[in-house]
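Colleague: Quick one, what's the 3D model for this:
(chains A, B, C and D, ligands or ions: 4)
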Amino acid sequence: MSLPEVSTHQQIDELRAEEHHPTPRQYVKVAIVLFVVTAFEVAIYYIEAVGGLLVPLLLLFALIKFVLVVLWFMHLRFDSRLFRRLFVTGMAFALIVFAIVLATFFFRDPGAFTESNGSNGSSSSE
Amino acid sequence: MATAALTRRGMFARPRATTGWWSWVTTIDHKKIGILYGVTAFVFFLIGGVEALFIRLQLARPDGQVLDAELYNQFFTMHGITMIFMVVMPMGVALMNYFIPLMIGARDVAFPRLNAFSYWVFLFGGIFVYSSFFLGGAPDGGWFGYAPLSRTLPGHGMSYYSLGLQILGIASLAGAVNFIVTILNMRAPGMTFMRMPVFIWMSLVVSFLLLFAMPVLAVALFQLMFDRLFGGNFFNPAVGGDPLLWQHLFWVFGHPEVYILILPAMGIVSEVLPTFSRKPLFGYAAIVFAGVAIGFMGWGVWAHHMFAAGLGPVANTAFALTTMFIAVPTGIKIFNWVGTMWGGSIRLTTAFLFAVGFVAMFIIGGLSGVTHAFVPHDAQQTDTYYIVAHFHYVLFGGAIFGLFGGLYYWWPKVFGRLLGERLGKLHFWLYFIGFNLTFGPMHIVGLQGQPRRIYTYPENMGWDLWNLVMTVGAFVIAVGTLVFIVNAVLSRKRGEEAVADPWDGRTLEWTTPSPPPEYNFSDVPLVTHRDDFWHKKYARTPEGEPVRVFAGAEHADDDEHHHGIHLPSPSYFPALAALGMPFLGYGTVYKILPAMIVGAAILLLGLFGWGLEPSVEE
Amino acid sequence: MSTHEVAVEGAVHEEHHTSMGLDNVKMAMWAFLGSECLFFGSMISTYLLYRGRTASGPSPHEIYDIPYTSVSSFVLLMSSLTMVLALAAFQRSDDRQGRIWLLATAFLGVTFIGGQIYEFTTFYEEGLALATSPFGSSFFMLTGFHGAHVTVGILMLLSLYGMSAFGRIEGGRSAARPVEMVGLYWHFVDIVWIVIFMIVYLIPE
Amino acid sequence: METCLKGSDRKSLRAAALGVLLLVALVLTGCEDRAPQDFLNHPIGETAKEADRLWDIVFAIAVVIFVLVEAVLVFAVVKFRRRPGREAAQFHGNTRLEIVLTLIPALLLAGLAVPMVSTLFAAAEEQQGALQIRVVGKQFWWEYEYMDSGVVTANELHIPTGTPIRLVIEGDPNDVIHSYWAPRLFGKQDVVPGRTNFINMEAPKPGTYWGQCTEYCGLSHANMRLRVVAQDPDEFEDWLALQEEPAAEPTSGAAAEGQKLFLENACAGCHAIQGTDAAARVGPDLTHLAGRSTFAGAMFETNEQNLVKWVTDAPGVKPGVKMPSFRGQLTSEEVESIVAYLLTLE
Ligand code: HEA
Ligand code: HEA
Ligand code: CUA
Ligand SMILES: [Cu+2]
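Modeller: Ligands and ions are numbered 1, 2, ... in the order given. Okay, the predicted model is just below:
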């Protein structure tokens, strides 16, 4: 583990001094971007032409918003790497574990499934 | 003094008592809280053990008449829940509470009041679950409460389950956050990560496992609660709910959970073996790394509990492979423990015996665990007593042996008196023999087809003899437990007084007096080595032999210059806030809105009082 | 567990020595948020699994009102802005302005919750309830727990406001640190909504 | 003694090693052949044998690891006991040894994974022309439906020997999870409400194989047993043909009276008897009840005495059962006539 090891008060103070806060102006800029992206999200939802691109685009837009809020509003950009790790570990566990969980539902082995009738095991709405 | 007593902040006068009943309710000293955790967990161990004895009595003979089906089902469910959530987890937390600050050179945990809150929530949660026995029946859906059975079982039992485990989970989560911050941020100067005792490392891994696993259980329990109490359809197959969702959520929590149960014990063993072998731990880095690896890999194996559920061959293969390979890091630990003893100068104390007993028995449980990973044969084993054998070998032979090793090892530090070695050894051998008599034959009857969770079996099944043996074994364990109790009582009365460092220990806790003062260390230690205390006590001859440089223990505290130490002051609020939990619980189970409101109000009141109260009384 | 007490709990330790030079409470908060990822992850997966399971009652896109929800999403998003502005104000020791932004944030939060309550009632009238179908259960659980988080956040904001107004913030003159902690929580709840808005409302079945 | 020590019995010895009770176990279980659900010593069906072959390898290796590691452990404890005048050697590790001891288990497991995966996929493969039988688990009994002929029966599964069988394990959406298992023939599969699972199997020789439900399913989980009756194909065909027949009309007075009572009372609201008006499927189909050697989840032998107890007060003899007690509703004479009727349902 390469976590930063700081043990003297002096170093702590240095860290404090380094603490970097965006200005309100920057905050407002971020918020404007957030607003625009949200507008896009809603817009493409209604635009037929987007077609199959809808879901990837939505994912992308949500990701942008997510990252902006986390990095700027939550200061993760400027803060200790440890905090990033704590959060990203949680995110990663959640994403991986639940991707697998959902995969076991949506991609049940066809082999185990031939001729199954009346099963509502997965994707029942189709 | 008089002015201090008059200080009023918030609603109550600040609690002052340092002895007596109230001092325990209001304490936020990690050591006292550790003791509270330990005593509570031990009481639950007796209760869970008595339930096990009834289970064994019922099964001793075919067509047993000791319990009826209803009571039997409650007993095995409560036995499982108790042992896991109210015994092994909190007993680990007890030791973690007491010794994390002492071993990293801190004066307390990062959030002392949150720590107290965890304990009270745990206690109230346990009492809440147990009260169901007197309110119409305890949970009876098995400790993993498979839906849809758990949502349809009549009575309130499984509602208590869904809310009770929720409450216990809150305690665990709060504790986990606390320990993570404590370990990361409260270490004494010089205590780098690679100088931390392995027990600290394992506590850190456990805390992370709790941090990420408890919320998954929380969601599953909420879903069950909605299903049972508010007409939810999460697990109602009749309208498209999928029972496997529960299984996934439960075991995504459940498998990390089993490592939550075993890793503290592994940490203890990694402290006890070097101390009594007079050797540094063999392959420290590898043991630490293996512990972290187990923690990680533990997230990728959960569906091995669902091999018979019909996930299909691809998923089964994937989970079987991940499961098998968990043996590798675990093996590293086992080999390095043996390496630690190798070439040592071993003192066969009780603590050491329990630690070695842990290694010896855990190997058996681990190997049977690996045999479960062979899916086609697991289809035969699963839900038989072969599984019951596996998990008691890792849970009793593993966790419980390890925890008792820790108790014998650290007892003198906590209570200032040693536990008797003669009785201790008697205890160990009774446990060792009784344990193998009880759980060894389970492998055999399991492979002869005895399913688990059956309250009765007819006489022509060929299981009679072994079941009788198991029952006898369980009573041998019970006698062993009584021996321990006697030992503890005698030790309190006339046990040998403990010096600060009775075992010639290696880590910081042994530099403090036994028991340690409230502030732990009069001077915050400066750490220069792994096994720092040992290095302060011993220099090395050119041949590498240790020579004593000063009598470390006598260095004990001089009581002079601790006056400037500001410790957090006791507080009513953590216990008060926790008291809201059972109200919320009962209110929800019986859908009594006023009770829920009262519970929420108490909780909020506690939290506000807590928030407005300065943590140190000037 | 609410985060409020954590925020205050650690305050005294502020000036204490810490081995990583980091703030205890902040570390606790980030750990807690990591944990929350799995909490919401579980519920979101449940929703994804049950989205189409409507043996009876309406299906998702029969009842969602996207323009309406877009507006409330926007409100919540903007509350993140007011939240950081509050923090910035407290950090430059402008407590008065900080309190105003706190109130603004709480107000936007209340607006969001009000919108959610309205949405829930409409859905209920249109035949979707917790008990209607697995879809209903998972929808109400996910958005409901999110709403509960917002509510807790509002409570914390108001408490902060009160504590600052009555000078009861511990550990210094300014409420910047507790505000930062509550802010982290608040933004987290906001990003959860970003995900929910996309997954629950926008992505078609 | 010596006779115990051959063939499959030796496995018990190894099992005992695992349970530490080496010798005792040999004497006491090695010779025990009165364990009808034993899959360790006497696997018979093809699926069970496949699993058993895998087990043989895995278990042998596990025993070797067990013996080696425990031996070294005990040796270390004994050898390095504290002795006066000897100081502990102060070393911190041995990287090369540690790497070797990491690789050995890893390679070993990788090797073991191969037969595991192939057995696993083989077991999942559907055999051509298999006889398909639907199995539904209910609290606390089993319903079978022969998918070709539509024959419905309960608790006792009849199968032809030497024929591949595919059990279609279907969960009743209004019931709970159960698990279908006849150890000597095949490993278990869960019966999950709303889902379908499969068991492929084959019984090489005739016999009655025991099994039971192994997923905890409520009060009478322990009493949810089953039998699989494997018959020569000819006999099986005869049996199946008989099952297709409707129930015999009762001739004797008591039985005729019983039939009337059966149809008049609640019984017909839950049970089906082909050839009568009773057609409900809440409880087992009783058309050929008397042809089954056991009833109520293979819990009781089918005889007059047991049936009388059952019809009088089913929950009294089987906790939690979904059939109500008729004590107080039916006189003992009435019960006896009903039972007389039931016993004509060959
Ligand atoms: C402390 C708790 C604990 C621990 C540590 C473990 C450890 C392991 N467990 Fe266990 N397990 C439980 C508690 C635990 N388990 C419980 C409670 C259940 C039942 C739940 C229920 O149904 O109620 C269960 C059930 C369970 C199952 C499901 C069985 C079923 O229901 O069908 C499986 C399946 O794979 C399994 C596997 C394993 C494996 C592979 C390990 C491994 O971590 C073990 C690794 C250790 C070793 C292998 C030994 C030492 C290693 C060496 C000496 C190196 C050389 C070894 C080899 C090359 C093999 N466990
Ligand atoms: C750490 C966990 C742990 C521990 C320590 C134990 C300990 C014991 N367990 Fe455990 N057990 C589980 C965890 C544990 N168990 C779990 C998770 C299950 C699964 C539950 C489920 O299926 O849902 C289970 C299930 C289980 C079963 C299977 C039940 C079934 O499937 O039907 C059995 C059966 O024999 C059993 C037996 C025992 C016995 C005899 C002990 C003994 O070792 C107990 C020893 C302790 C004592 C004997 C206490 C001593 C008490 C006294 C001396 C009295 C003194 C009293 C006063 C002073 C007031 N347990
Ligand atoms: Cu059916 Cu157990
Ligand atoms: Cu597991």
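Colleague: these two touch, right, residue B:250 and residue B:144?
Modeller: Yes - counting by CB atoms under 8 Å, residue B:250 touches residue B:144, with 5.4 Å between them. Any C-beta I mention is one placed from the backbone N, CA and C, and that applies to glycine too.
Colleague: Who has more neighbours out of those two?
Modeller: Neighbour count, other CB atoms under 10 Å in any protein chain shown: between residue B:250 and residue B:144, residue B:250 has more, with 25 against 18.
Colleague: so which strand or helix has the more buried one?
Modeller: Using DSSP states H and E, residue B:250 sits in helix B:243-277.
Colleague: Any part of that helix near ligand 3?
Modeller: No - using CB under 6 Å from any ligand atom, helix B:243-277 never reaches ligand 3; the gap is at least 13.4 Å.
Colleague: Would you tell me what the next helix or strand after that helix is?
Modeller: Of the helices and strands lying after helix B:243-277 in sequence (DSSP H and E), the nearest is helix B:284-297.
Colleague: Run through who's touching that next one.
Modeller: Helix B:284-297 is contacted by residues B:194, B:198, B:201-202, B:205-206, B:208-209, B:256, B:259, B:263, B:266-267, B:270, B:281, B:322, B:325-326, B:329-330, B:332-333, B:336, B:530, D:92-93, D:98 when judged by CB atoms under 8 Å, 6 or more residues apart in numbering or on different chains.
Colleague: Whichever of those end up buried, select them in ChimeraX.
Modeller: In ChimeraX, a selection of the buried entries from the contacts of helix B:284-297 looks like this (16 or more other CB atoms under 10 Å in any protein chain shown):
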select /B:198,201,202,205,206,208,209,256,259,263,266,267,270,281,322,325,326,329,330,332,333,336,530 /D:93,98
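Colleague: Now go through the contacts of helix B:284-297 and say which are in helices.
Modeller: B:198, B:201-202, B:205-206, B:208-209, B:256, B:259, B:263, B:266-267, B:270, B:322, B:325, B:329-330, B:332-333, B:336, D:98 (DSSP state H).
Colleague: what's the distance between residue D:244 and ligand 1?
Modeller: With distances taken as CB to the nearest ligand atom, to the nearest Å, residue D:244 is found 39 Å from ligand 1.
Colleague: And that residue, what's its pLDDT?
Modeller: As predicted, residue D:244 sits at a pLDDT of 93.
Colleague: Can you report how many residues neighbour it?
Modeller: As a burial measure, residue D:244 scores 13 neighbours (other CB under 10 Å).
Colleague: for the closest residue to residue B:29 other than its chain neighbours, helix, strand, or coil?
Modeller: Closest residue in space to residue B:29, ignoring its immediate chain neighbours: residue B:518 at 5.9 Å, by CB to CB, 6 or more residues apart in numbering or on different chains. Three-state call for residue B:518 (DSSP: H, G, I helix; E, B strand; the rest coil): coil.
Colleague: Could you list the low-pLDDT ranges of the chain?
Modeller: Just going to use chain A. Applying pLDDT under 70 to chain A flags residues A:1-20, A:109-126.
Colleague: I was thinking of chain C, sorry if that wasn't clear
Modeller: Residues of chain C meeting the criterion pLDDT under 70: C:1-17, C:170-174.
Colleague: Count the residues that sit near the closest residue to residue D:295 other than its chain neighbours.
Modeller: Closest residue to residue D:295 apart from its sequence neighbours, by CB to CB, 6+ apart: residue D:302 at 5.2 Å. Other residues within reach of residue D:302, judged by other CB under 10 Å, total 18.
Colleague: In this structure residue D:302 contacts residue D:286, no?
Modeller: No - using CB under 8 Å, residue D:302 makes no contact with residue D:286, being 11.1 Å away.
Colleague: how about the residue nearest the centre of chain B, what does it touch?
Modeller: Centroid-nearest residue in chain B, with CA atoms, centre = their mean: residue B:89, separated by 2.2 Å. Counting by CB under 8 Å, 6+ apart, residue B:89 touches B:172, B:260-261.
Colleague: Swap in 10 Å and give it another go.
Modeller: By CB atoms under 10 Å, 6 or more residues apart in numbering or on different chains, the residues touching residue B:89 are B:37, B:41, B:83, B:122, B:168, B:171-172, B:175, B:206, B:210, B:257, B:260-261, B:264, B:399.
Colleague: after the helix or strand bottoming out on mean pLDDT in chain D comes which helix or strand?
Modeller: Least confident helix or strand of chain D, by mean pLDDT, DSSP states H and E, is helix D:22-30 with a mean of 46. Once the chain leaves helix D:22-30, the next helix or strand it forms, by DSSP H and E, is helix D:46-79.
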